[in-house]
Structure formats: structure tokens, C-alpha cells
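> Let's see this in three dimensions:
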Amino acid sequence: MPKWTPCKRRDFIERLRKLGFDGPFVGTRYQFMTYQNHRLTIPSNTEYSIPQLRFMLHEVAVTKKSAPMNGNTLAYISHIKNRIER
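Alright, predicted model coming up:
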């Protein structure tokens, strides 16, 4: 299994857009992205640590699970997670 490495904010946002998220939009303290009626807060760090990535990917998986699925969405999240690990 590949080792987790930190990820740039720009790359993470780009990958969320490929998953179908919209944004980022300006919030009160942080920016956020939306997927249907779900909201994911995006911290303002320029690079995300490994614990931050794990937490946000878990949030994305929960969001995608509770939203109507099309195809292999969770498999795609896993694929994106593996690409972030590189």
C-alpha cells in the first residue's frame, strides 16, 4: 500500500470538482464546497497534513454515501484517495 503524503490545497479542490462538488464558495471563516445539498468545509492551509486529508476524505465518503449514487462513486473516491497518497 502506498504511503500517505501531504497534498496541496489546489490539487484537493481540483479532485473534489472531478467528483462533482461545486465551489469553493466563501463562507464566514473558511471556504466550502457543495455536493447537492451537502456542504464540505475546506481549510485555508496551502498544504494539508495527512490527518487533515484522512478527515476530509472521510467527510467526502459520508457525503457521497448519503447522496444518490451513480455508478461506482465510492470506488472513484478510493481511486482519488490512492492518487492523493502518491
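> what sits against residue 13?
Counting by Cβ atoms under 8 Å, 6 or more residues apart in numbering, residue 13 touches 23, 24, 33, 42. In short, each C-beta sits where N, CA and C put it, glycine included.
> Show me the beta-bridge partners of the third one.
Just to be clear, that refers to residue 33. Counting by DSSP bridges, residue 33 forms beta bridges with residue 40.
> pretty sure it contacts residue 20?
No: using Cβ atoms under 8 Å, residue 33 is not in contact with residue 20, being 10.0 Å away.
> Which one of those two is surrounded by more residues?
residue 33 (22 against 15; other Cβ atoms under 10 Å).
> what sits against the more buried one?
13, 16, 21, 22, 23, 24, 25, 39, 40, 42 are the contacts of residue 33 under Cβ under 8 Å, 6+ apart.
> how about those, which pair is most distant?
By the measure Cβ to Cβ, 13 and 39 form the most distant pair in these, at 14.4 Å.
> nearest residue to residue 16 other than its sequence neighbours?
residue 33 (5.6 Å; Cβ to Cβ, 6 or more residues apart in numbering).
> State the three-state secondary structure for residue 13.
Following DSSP: H, G, I helix; E, B strand; the rest coil, residue 13 is assigned to helix.
> Distance check, it against residue 34.
Distance, residue 13 to residue 34, by Cβ to Cβ, to the nearest Å: 13 Å.
> shared neighbours of these two, which are they?
By Cβ under 8 Å, 6+ apart, the residues touching both residue 13 and residue 34 are residue 23.
> Now for the chain, the helix or strand with the poorest mean pLDDT.
Least confident element among the helices and strands of the chain, by mean pLDDT, DSSP states H and E: helix 73-85 (a mean of 61).
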